[in-house]
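Student: sequence below, structure please.
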Amino acid sequence: MDVDTNFETCLFLSSHKLAIGVYDKQSLKKLFYNEIHNNQNSSQLNHESLNNFLEKNIFDVEKGLKDFVENIYLIIESDKFLTIKISIKKNNYGDKITRDKLIHLLNEAKISCKKTIGDSRITHMVIDNYLIDGKNYSLFPKDLKCDLFSIDLRFICLEKEYIQNLENVLKKYQISINHILNAEYVKSIKNEDQDDLFKMSLKIIDGYNENEVLIIPKLNNNQGFFERFFNFFS
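Tutor: Below you'll find the model as predicted:
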């Protein structure tokens, strides 16, 4: 049974850098941080380096917090990611645009994407634009009547084999993956915490981007609309 903790653990992975950070769940205060740089020429993550990095740092984290790290958020920089863009539309016949109708379109788009991505997993689903009777909207317009509306969606996906290899490394430390984030996507969300990749990642997971359909398999009382959508249709 999972035990709730008062901290969140993040791990950054790339071919040239590994970093781990632990943050207080409520205040997002940094409790632990360490990183190493790798000057190897390969563009791929070295699993032996990752294993060595985890062996030292997981012990230090658990010793310092006097608690076990059971779950982790991965922020990955890799060319293994695939981005797919989809536009999908609906004839609305002059009625109000409801969230139920939007959910229907989102589900259609998700099914269509899954047919396209093959052996990959969706890590981010982002609404880039709403087009309503020829007018663009950056956010979901409430209580608006229209004849035709469409949404432009962006799916960021990662190869399942790549994920499985990471899961196998983490299993050695009895750690499960909470969620995977694309590092470039995280960097594209600008705010006062942009320089802290981990803090920005935790804010994104908590629903910072209103246009991201969060793919997080956990339920809580503060869930937004898109979180409920994906728990329902997953």
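Student: only C-alpha atoms for contact and neighbour calcs from this point on.
Tutor: OK.
Student: which residues of the chain fall in helices?
Tutor: 47-65, 99-117, 160-171, 183-188, 197-205, 225-233 (DSSP state H).
Student: need those helices in JSON lines (columns: mean pLDDT).
Tutor: Listed next are those as JSON lines, based on pLDDT from 0 to 100:
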{"stretch": "helix 47-65", "mean pLDDT": "93"}
{"stretch": "helix 99-117", "mean pLDDT": "88"}
{"stretch": "helix 160-171", "mean pLDDT": "94"}
{"stretch": "helix 183-188", "mean pLDDT": "94"}
{"stretch": "helix 197-205", "mean pLDDT": "93"}
{"stretch": "helix 225-233", "mean pLDDT": "44"}
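Student: mean neighbour count, those: which tops it?
Tutor: helix 197-205 (a mean of 20; mean count of other C-alpha atoms under 10 Å).
Student: how far is that helix from where the chain is centred?
Tutor: Helix 197-205 sits 9 Å away from the centroid of its parent chain (C-alpha atoms, centre = their mean, to the nearest Å).
Student: what of stretch 129-143?
Tutor: For stretch 129-143, the distance to the chain centre is 24 Å (C-alpha atoms, centre = their mean).
Student: now the residue nearest the centre of the chain, nearest residue through space, not along the chain?
Tutor: With distances taken as C-alpha atoms, centre = their mean, Leu181 lies nearest the centre of the chain, 3.9 Å away. Distance criterion C-alpha to C-alpha, 6 or more residues apart in numbering; nearest residue to Leu181, sequence neighbours excluded, is Ile75 at 4.8 Å.
Student: hmm, that neighbour is touching Cys10, no?
Tutor: Yes. Counting by C-alpha atoms under 8 Å, Cys10 is a contact partner of Ile75 at 7.2 Å.
Student: quick check: neighbours shared by these two?
Tutor: Phe198 (C-alpha atoms under 8 Å, 6 or more residues apart in numbering).
Student: got the contact list for the residue nearest to Leu181?
Tutor: So Ile75 contacts Cys10, Leu11, Phe12, Leu13, Ile180, Leu181, Asn182, Ala183, Phe198, Ser201 (C-alpha under 8 Å, 6+ apart).
Student: about what we covered before: tell me the confidence at the residue nearest to the centre of the chain?
Tutor: For Leu181, the model assigns a pLDDT of 97.
Student: hang on, it packs against Ile122?
Tutor: No. Between Leu181 and Ile122 there is no contact under C-alpha under 8 Å: 10.1 Å.
Student: can you name the residues bridging to the residue nearest to Leu181?
Tutor: Going by DSSP bridges, Ile75 is paired in beta bridges with Phe12, Leu181.
Student: over to Ile20?
Tutor: Counting by DSSP bridges, Ile20 forms beta bridges with Leu11, Asn34.
Student: can you tell me which residues contact it?
Tutor: Counting by C-alpha under 8 Å, 6+ apart, the residues that Ile20 touches are Thr9, Cys10, Leu11, Phe12, Phe32, Tyr33, Asn34, Glu35, Asn57.
Student: please save the CA atoms from stretch 67-77 in CSV.
Tutor: This file holds the C-alpha atoms of stretch 67-77, laid out as CSV (Å, rounded to 0.1, in the frame of the first residue of the first chain):
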residue,chain,number,x,y,z
ASP,A,67,11.7,8.2,5.0
PHE,A,68,11.7,6.0,1.9
VAL,A,69,11.5,7.3,-1.7
GLU,A,70,8.7,5.2,-3.2
ASN,A,71,7.6,7.3,-6.2
ILE,A,72,9.4,9.7,-8.5
TYR,A,73,8.7,12.3,-11.2
LEU,A,74,11.0,12.0,-14.3
ILE,A,75,11.9,15.1,-16.3
ILE,A,76,13.5,13.7,-19.5
GLU,A,77,15.5,15.4,-22.2
